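In: Fold the following for me, if possible:
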Amino acid sequence: MAPDHTCSAPTLVESLSAALALRETKSARRRLTVLPRTAVDFSSNDFLSLSTSRAYREKFLALLNNTPPSFPFASGGSRLLDGNSAYAEELENFVADFHQAPTALLFNSGYDANVGVLSSIPQPGDVILYDELIHASAHEGMRLSRAGARKMFPHSSPPGLREVLQSQIAADPAIRNGSRNVFVVVESIYSMDGDVAPIKEFIKVVDDLLPAGNGYFYVDEAHATGVFGPKGAGVVQELGVQNRMFIRVHTFGKALASHGAMVLCGPETRDYLINYARSLIYTTALGYPFLASIRAAYELLASGETTSLQYRLQQLIRHLRQRLDGLHTRPSVMFEIDHFPTSPIISLRTSQPRQLASACQEKGFIVRAIMPPTIPERKERVRVCLHAGNTEAEIDGLVRTVQVWLDESQRKAAKL
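Out: Residues are numbered from 1 along each chain as shown. Below is the predicted model:
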């Protein structure tokens, strides 16, 4: 008898297609897009507009053009094989000095840094306490770690951290006597809400509850680099608490218009990562053009040439907030503005983020609807990012477009 294939299981491709179709029904399917060159950018993380800065481009090209012809542009291998160079080590020292850190270690991306550090540094049985809104790359690193417990605490809540830490201390005498490590993982500025973490308050909680000194802070400064702090050095240095941080991660693909990331740490930690961080060991190192682009950005920061861009960005943030506060809204259309003062990231919370984003894009203003699973359910929003290169006129045009959409949404709601 011939086999009956009528009830056969779906093929792999059919399963993949079904998963995509399901995500489509939830309005959560991701797609690659290409921005029109004429569009106004209110979406990217290029906060200082360095990617289109003449000063940055000239410095970067000068570094490339002054390279000896025999100097290879490709790294040729991992850092532990053929991919290291005196230039890479000099760059690490330069960045470490700028951030007032003992040492720095270059990774290919912020994702690689978070995965590499969090998967290798926590020792067997250690505890990781993390803010509920930390980046997916930190979650991936924690998932791969040997930590005995990974506990979430409420977003940017010192009382929440205190409660979770107290429960761990009560359950584990090794934490109380200092023989087990506790890592507190936060971001200095959060990518979706744009709010700044209460780092000093977190430090007080750890000092109160872990007098043995076995509490270690891990702070991801990805969205603060270049934007906050003296000469763009970040929130930690703005607060003057750099000596209390065990690990700081600064990434270069956002405000610094480059690529890669640095882990700031002590020399022993750096050496340990060279030996155990798999995302460093088993990947080809960044080539010279990437190193030169990082160097160009940090030379601008160190010389103070980006300070005016920081100031300009704050001017535009105040202007946008004033204009948004003047919007006319109605209770029948759910619309809220979430904004942390001085942050270039603003959330326009609405139950119809795709429609609002589309209305703005049709007028040439690029903003993005942020949907689950990137953010939790019922936290949908349109994310607006400001840049030093934006203008007041562009901001006014964006806000007028939002007002027109609100008015039209109100008319539709009134007809229902």
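In: Just the strands from the stretch 151-300 of the chain, written as ranges.
Out: 182-187, 215-220, 245-251, 261-265 (DSSP state E, counting those that start in this stretch).
In: Tell me which of those lies nearest to Ser75.
Out: For those, the distance to Ser75 is smallest for strand 261-265, at 15.9 Å, taking Cβ to Cβ. (Glycine included, C-beta is placed from N, CA and C.)
In: so what does the biggest helix by length in the chain touch, helix or strand wise?
Out: Ranked by residue count, the top helix of the chain under DSSP state H comes out as helix 392-415. Identification of packing neighbours for helix 392-415 by 3 or more Cβ pairs under 8 Å, 6 or more residues apart in numbering; DSSP states H and E yields strand 40-41, helix 307-325, helix 353-362, strand 365-366.
In: Just put the strands of the stretch 151-300 of the chain in CSV and tack on mean neighbour count.
Out: Converted to CSV, the strands of the stretch 151-300 of the chain look like this (neighbours: other Cβ atoms under 10 Å):
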stretch, mean neighbour count
strand 182-187, 24
strand 215-220, 24
strand 245-251, 24
strand 261-265, 27
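In: how about these, which one is nearest Val402?
Out: strand 182-187 (27.4 Å).
In: Could you give the average pLDDT over the closest one?
Out: Taken as a whole, strand 182-187 has a mean pLDDT of 98.
In: partner strands of it, parallel or antiparallel?
Out: Note on strand 182-187: by DSSP bridges, its sheet partners are strand 127-131 (parallel), strand 215-220 (parallel).
In: So for Tyr56, which of the ones you listed sits nearest?
Out: strand 215-220 (23.6 Å).
In: Not counting that closest one itself, show me its contacts.
Out: Strand 215-220 has contacts (Cβ atoms under 8 Å, 6 or more residues apart in numbering) with 110, 114, 117-118, 134-135, 138, 181-188, 197, 199, 202-203, 206-207, 209, 235-236, 244-249.
In: Now do it: distance to the chain's middle.
Out: Between the centre of strand 215-220 and the centre of its chain there are 15 Å (Cα atoms, centre = their mean, to the nearest Å).
In: and the angle from it to strand 261-265?
Out: For strand 215-220 against strand 261-265, the angle by axes from the mean of the first three to the mean of the last three Cα atoms, to 10 degrees is 160 degrees.
In: and strand 215-220 with strand 245-251, angle?
Out: Going by the same axes, to 10 degrees, strand 215-220 makes 10 degrees with strand 245-251.
In: ok, the residue minimising distance to the centre of the chain - contacts?
Out: Centroid-nearest residue in the chain: Ala222, 4.4 Å away (criterion: Cα atoms, centre = their mean). Counting by Cβ under 8 Å, 6+ apart, Ala222 touches Gly110, His135, Glu187, Ile189, Ser191, Val249, His250, Thr251, Lys254, Ala261.
In: again, but for Glu140
Out: Glu140 sits in contact with Tyr111, Asn114, Val115, Ser119, where contact means Cβ under 8 Å, 6+ apart.
In: Go again with 6 Å.
Out: Val115 (Cβ atoms under 6 Å, 6 or more residues apart in numbering).
In: Which parts of the protein belong to which domain?
Out: 54-302, 307-415 (automatic domain parsing).
In: what angle sits between the longest helix of the chain and helix 353-362?
Out: 140 degrees.
In: which intervals of the stretch 1-150 of the chain have sub-threshold pLDDT?
Out: For the stretch 1-150 of the chain, the stretches with pLDDT under 70 are 1-7.
In: swap the cut-off to 90 and go again
Out: Residue ranges of the stretch 1-150 of the chain with pLDDT under 90: 1-9, 23-38, 68-71.
In: what about Pro331, neighbour count?
Out: By other Cβ atoms under 10 Å, 8 other residues sit near Pro331.
In: Format the strands paired with strand 182-187 as JSON lines; extra columns: distance to Phe94.
Out: Shown next, in JSON lines, are the strands paired with strand 182-187 (distance: least, Cβ to Cβ, whole Å):
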{"stretch": "strand 127-131", "distance to Phe94": "30"}
{"stretch": "strand 215-220", "distance to Phe94": "21"}
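In: closest one to Cys385 among the ones you listed?
Out: Closest among the strands paired with strand 182-187, using Cβ to Cβ: strand 215-220, at 17.6 Å.
In: wait, is Lys59 part of a helix?
Out: Yes. The assignment for Lys59 is a helix, going by DSSP: H, G, I helix; E, B strand; the rest coil.
In: roughly how far apart are the closest residue to it other than its chain neighbours and Gln322?
Out: Leaving aside its chain neighbours, Lys59 sits nearest to Ala296 (4.2 Å; criterion: Cβ to Cβ, 6 or more residues apart in numbering). Counting by Cβ to Cβ, to the nearest Å, the gap from Ala296 to Gln322 is 34 Å.
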